[in-house]
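Engineer: coords please:
(chains A and B)
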Amino acid sequence: MTDLRLAIQRFDPSRDPKPRMVEYTVPRRQGMTVLEALLFARDYMDHSIGVRFSCRQASCGSCGMKINGRPRLACYTQVDELGGDSVVAQPMDNYAIIKDLVTDLGSFFQKHAQVTPRLVRSDAREQDNPTKEYLIKPDELSKVLQFTYCIKCGLCTSACPTVATDSKFPGPQALAQAYRYTADVRDQGGAERIESLDSEHGIWRCHFAGSCSYVCPKGVDPALGVQLLKRHVMSGKPPHLAEEASKEYRAPQTQT
Amino acid sequence: MSVGEEKAKNRRGLSGWLNPYHYNLERWAYVFQRVTGLGILAYVVGHLGDTSFFVGGPTGTGPSSSTWAFMSNLVENSFGHLILVLVVLILVFHGTNGIRLIVSELGLVLGKPGAIEYPYKAKSLGAVQKAAIGLAIALALVAMVWTYLILFGGTI
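Structural biologist: The predicted structure follows:
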């Protein structure tokens, strides 16, 4: 097999005035992922290449980067599927660069936390000390299940054209998670969650370019979540009748 | 402050809006929707400006008759006709694609969330979206050709 030409964007903000592309020639093998190519270059050619990774199986979301112009997980992208003999690896757009391919996801996690990504009960005592287990029916679960597969890799927010210009926009990941919890029948915090998102820099800044769903490696489809969230707001109804549903499907009380 | 601090921010900025390269068809439609919107805005401002001066059409009194002549000179030639043909193209595309966006943003034709399987094709970017964008392009082209035939061919 021919060798692979691997171009990596090198940039250390503490020393370099601007990024530069450096090309490495890596021996290619069948089934090789971009991450493997990057690690080969780091291990045998230049130890100073900055690349973040962990699980190597698209579970942790650490190795998100721009590969041949599109945000992808390096561990989940095979060199063969890209076609051609060259791969261009750059850091994801819209995140500050720490070094080379490593980006700062701090603001991304912060926006995720701002949409209250957890089940909320209106009764504060119940929230802190639940008296029972809250169950969910399979068909109700299927309405939110795909959004729970988010691994917070940040690819969607990197692809989003709105995030590129509006730093206050929560981004597709956070909005999809807002939908995931709001649409959950066990949740009672939907009204408060939506109140902060029904704003100038909230859900209405999404114009459905769909790039988030296009790049998502886990099939979360954030664009669908955001549009369904808009639908909830436009309909003027509460997202669901959480109280009734949870009463109906309450777990049987254990005998003490 | 480090030397590369400005570059390290790494925000895409306006190119994120304007450059859909490497992305999906809906992203291309998004860019064209915005660009055609700006084009229509420019046209509408100009259109309102010139029609505001018409009082009583070509035989009217006051500034209207001279404005009419001015506008005739501007539009009644090949270049003016070409601009009008393009205006029809972007108007019809923007309108049709806009209806797709309004319906989609109400979550109506995107499919329901549910169990997903590899290779995880996003439901919201399904055949309905592709067909609607195709329809917008087709209608815009038909309208453009029709306008061209009227203005240049002398038919109808």
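
Engineer: lowest-confidence helix or strand of chain B?
Structural biologist: Of all the helices and strands that make up chain B, helix B:63-75 has the lowest average by mean pLDDT, DSSP states H and E, namely a mean of 74.

Engineer: Keeping just the C-alphas, turn that one into PDB.
Structural biologist: C-alpha atoms of helix B:63-75 as PDB (Å, rounded to 0.1, in the frame of the first residue of the first chain):
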ATOM      1  CA  PRO B  63     -41.600  64.000 -10.500                       C
ATOM      2  CA  SER B  64     -43.500  60.900 -11.700                       C
ATOM      3  CA  SER B  65     -43.100  61.300 -15.400                       C
ATOM      4  CA  SER B  66     -39.300  61.900 -15.300                       C
ATOM      5  CA  THR B  67     -38.900  59.000 -12.800                       C
ATOM      6  CA  TRP B  68     -40.900  56.800 -15.100                       C
ATOM      7  CA  ALA B  69     -38.600  57.700 -18.000                       C
ATOM      8  CA  PHE B  70     -35.500  57.200 -15.700                       C
ATOM      9  CA  MET B  71     -36.700  53.700 -14.700                       C
ATOM     10  CA  SER B  72     -37.600  52.800 -18.200                       C
ATOM     11  CA  ASN B  73     -34.100  53.600 -19.300                       C
ATOM     12  CA  LEU B  74     -32.700  51.600 -16.400                       C
ATOM     13  CA  VAL B  75     -34.800  48.500 -16.900                       C
END
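
Engineer: Tell me if the helix or strand just after it is near chain A.
Structural biologist: Past helix B:63-75, further along toward the C-terminus, the next helix or strand under DSSP states H and E is helix B:78-105. Yes - under the criterion of C-beta under 8 Å from any C-beta of the partner chain, chain A is reached by helix B:78-105 at B:101, B:104, B:105. Where you see a C-beta, it was placed from the backbone N, CA and C, and this is true even at glycine.

Engineer: Could I get the contacting residues of the most centrally placed residue in chain B?
Structural biologist: Nearest residue to the geometric centre of chain B (C-alpha atoms, centre = their mean): residue B:36, 2.8 Å. Residues in contact with residue B:36, defined by C-beta atoms under 8 Å, 6 or more residues apart in numbering or on different chains, are B:90, B:91, B:93, B:94.

Engineer: count of neighbours near the third one?
Structural biologist: Going back to what we said before, that points to residue B:93. Residues near residue B:93, counting by other C-beta atoms under 10 Å in any protein chain shown, number 24.

Engineer: swap in the last one?
Structural biologist: By the criterion of other C-beta under 10 Å, residue B:94 has 20 neighbours.

Engineer: so where does the nearest residue to it once chain neighbours are set aside fall, helix or strand?
Structural biologist: Distance criterion C-beta to C-beta, 6 or more residues apart in numbering or on different chains; nearest residue to residue B:94, sequence neighbours excluded, is residue B:36 at 4.3 Å. For residue B:36, the element it lies in under DSSP H and E is helix B:25-51.

Engineer: Go through that helix and flag the buried ones.
Structural biologist: Buried residues in helix B:25-51, defined by neighbour count with 16 or more other C-beta atoms under 10 Å in any protein chain shown: B:26, B:27, B:29, B:30, B:31, B:32, B:33, B:34, B:36, B:39, B:40, B:43.
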